[in-house]
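Trainee: Prediction below, plus the sequence it came from.
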Amino acid sequence: MSLIIKGGFIIDPASGYAGEGSVFIENGVVTCVETEKGTNGMAGAKNFKTIDAKGKWAVPGLIDLHVHFREPGFEYKEDIKSGCMAAKKGGFTKVCLMPNTKPVVDCAEVVSFIKDKAKAVTGVEVFVVGAVTKGQAGKELADIEGMRKAGICAISEDGKSVMNSGLMREAMLLAKSLGIPYFSHAEDENLPGAAIGEELIVARDILLAKETGARLHLCHISTRGGAELIRRAKADGINVTAETAPHYFTLSASDVKRNGNRKMNPPLRSADDVLAIKEALADGTIDAIATDHAPHAREEKETEFEKALNGVIGLETSFAISYTELVRAGILSPVELIRKMSYYPARILGIKPPCIKPGEKAELILIDIENEHVLSESDLASKSANSPFLDMSVYGRPVFLNEIWE
């Protein structure tokens, strides 16, 4: 298939370029990029199919470092196929699956099962995160070396912290030796949901990263104190990165109103924390925007608030919320938003960031940037509908280029 993505606004975070142009693609590879700066590469084919991209952004595929596709064990909430469909709907071409499935991803066999399942889905590359401890019980390390050989990209005890600091240190040293990052869910189990509980573990894990030299990635940061600890750690040269999720820079505790679709862990914080997360995104303290896409069945959410399970979906809405709340509000530039949703996540994973230049794989999507719409269940491809953003008015609708992938 030969395509021209014609007249779009090209954003290539690898080079920093943002401007109008056209992208020529042959057999899934970029062959030529024509921009206001000139022409790079050559278009060899003559019979191109033209896609009019006027008024749209052409960007590298988005990467989500933090999703739950629930398979194996909880396929009634989501499975790998439906999760990948949700990813496509949101413009994501790479996703990292967290290990709290049933059975837990704590051995090579489960890693291989997930990777084999993912091969059946085109257009979305699935990365697997392995558990730190057997059964996520916090007692002894999982077979991390075996999982690494099977292809995990990182380790994490997602959903909880490894409270034994000695075991945590051992895991970080092992992760360093295997060349993978440690993804930390920062929460003191004795202070569930409390801001100070997040900040205590952020501080501990930063100190362990400093001592071990491991690559520490802090998941779903939600508090001002957590952001400030990360800011200081980066200033001290500690190898730490961080992500947040759209709900933490969009909604605050006052927006919950006992709505089960706005119950998650960490919980929504104060208005001041929301402001702090925006500041941390703007100054680079927080490197990436992830979703923590966590599907639940309707009956698990539409119940008494205290009984509703923690977790919200976000793949389909992440770009629109982020663009509306950050770019249109003047907090991030278009290039910086795409860096936080594609370029920096790739670097955190230790893989080559997708880019738009001749010779590279055509891993790109279009975004209808001026598409204003009210988010509804019709925007979702997940099996579940537990979005905290339903009925919100947003701008920006990703368009997955099936002509490239299929």
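Mentor: Received the coordinates, thanks.
Trainee: mind listing what's buried in stretch 22-33?
Mentor: By neighbour count, and taking 16 or more other Cβ atoms under 10 Å as the criterion, the buried residues in stretch 22-33 are Ser22, Val23, Phe24, Ile25, Glu26, Val30, Thr31, Cys32, Val33. No exception for glycine: its C-beta is placed from N, CA and C like everyone else's.
Trainee: Nearest to Gly91, out of those residues: which one, please.
Mentor: Using Cβ to Cβ, the shortest approach to Gly91 within the buried residues of stretch 22-33 belongs to Val23, at 15.9 Å.
Trainee: Can you list the low-confidence ranges for the stretch 151-300 of the chain?
Mentor: Judged by pLDDT under 70, the stretch 151-300 of the chain has no weakly predicted residues.
Trainee: quick one, helices of the stretch 51-200 of the chain?
Mentor: Taking DSSP state H, counting those that start in this stretch as the criterion, the stretch 51-200 of the chain contains helices spanning 80-90, 108-118, 144-150, 165-178, 195-212.
Trainee: Redo those as CSV? Include distance to Asp273.
Mentor: What follows is those, written out as CSV (distance: least, Cβ to Cβ, whole Å):
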stretch, distance to Asp273
helix 80-90, 25
helix 108-118, 34
helix 144-150, 33
helix 165-178, 25
helix 195-212, 7
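Trainee: Please name whichever of those is nearest to Val374.
Mentor: Among those, helix 80-90 sits nearest to Val374 (Cβ to Cβ), with 16.2 Å.
Trainee: which outside residues touch the closest one?
Mentor: For helix 80-90, contacts defined as Cβ atoms under 8 Å, 6 or more residues apart in numbering pick out 62, 64, 67, 69-71, 78, 93, 95, 97, 114, 117-118, 120-121, 123-124, 126, 291, 293, 295, 313, 315-319, 379-383, 398, 400.
Trainee: That helix to helix 108-118, inter-axis angle?
Mentor: Per axes from the mean of the first three to the mean of the last three Cα atoms, to 10 degrees, the angle that helix 80-90 makes with helix 108-118 is 60 degrees.
Trainee: Just give me how far helix 80-90 sits from the chain centre.
Mentor: Once both centres are worked out by Cα atoms, centre = their mean, to the nearest Å, helix 80-90 turns out to sit 13 Å from its chain's centre.
Trainee: just the CA coordinates of it, formatted as CSV?
Mentor: Listed in CSV are the C-alpha atoms of helix 80-90, where the atom choice follows Å, rounded to 0.1, in the frame of the first residue of the first chain:
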residue,chain,number,x,y,z
ILE,A,80,-6.3,-8.4,25.3
LYS,A,81,-8.3,-8.0,22.0
SER,A,82,-10.8,-5.6,23.4
GLY,A,83,-8.1,-3.7,25.2
CYS,A,84,-6.2,-3.3,22.0
MET,A,85,-9.4,-2.1,20.3
ALA,A,86,-9.7,0.6,23.0
ALA,A,87,-6.0,1.5,22.4
LYS,A,88,-6.6,1.9,18.7
LYS,A,89,-9.6,4.1,19.4
GLY,A,90,-7.4,6.4,21.4
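Trainee: and stretch 136-144, how far from the chain's centre?
Mentor: Relative to its chain's centre, stretch 136-144 lies at 25 Å (Cα atoms, centre = their mean).
Trainee: Need the buried ones from the contacts of helix 80-90 selected in PyMOL.
Mentor: Listed next is the PyMOL selection for buried residues among the contacts of helix 80-90, using 16+ other Cβ under 10 Å:
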select buried, resi 62+64+67+69+70+71+78+93+95+97+114+117+118+121+123+124+126+291+293+295+313+315+316+317+318+319+379+380+381+382+383+398+400
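Trainee: Spell out for me which residue occupies the centre of this protein.
Mentor: The residue lying closest to the centre of the chain (Cα atoms, centre = their mean) is Asp64, at 2.2 Å.
Trainee: For the closest residue to that residue other than its chain neighbours, give me its contacts.
Mentor: In space, not counting the residues next to it along the chain, Asp64 is nearest to Val95; the distance is 4.7 Å by Cβ to Cβ, 6 or more residues apart in numbering. By Cβ under 8 Å, 6+ apart, the contact set of Val95 is Ile63, Asp64, Val67, Phe69, Gly83, Cys84, Ala87, Val124, Glu125, Val126, Phe127, Leu315.
Trainee: okay, those residues in JSON lines with distance to Lys102 next?
Mentor: Putting the contacts of Val95 into JSON lines (distance: Cβ to Cβ, whole Å) gives the following:
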{"residue": "Ile63", "distance to Lys102": "26"}
{"residue": "Asp64", "distance to Lys102": "22"}
{"residue": "Val67", "distance to Lys102": "17"}
{"residue": "Phe69", "distance to Lys102": "13"}
{"residue": "Gly83", "distance to Lys102": "16"}
{"residue": "Cys84", "distance to Lys102": "20"}
{"residue": "Ala87", "distance to Lys102": "22"}
{"residue": "Val124", "distance to Lys102": "23"}
{"residue": "Glu125", "distance to Lys102": "24"}
{"residue": "Val126", "distance to Lys102": "18"}
{"residue": "Phe127", "distance to Lys102": "20"}
{"residue": "Leu315", "distance to Lys102": "21"}
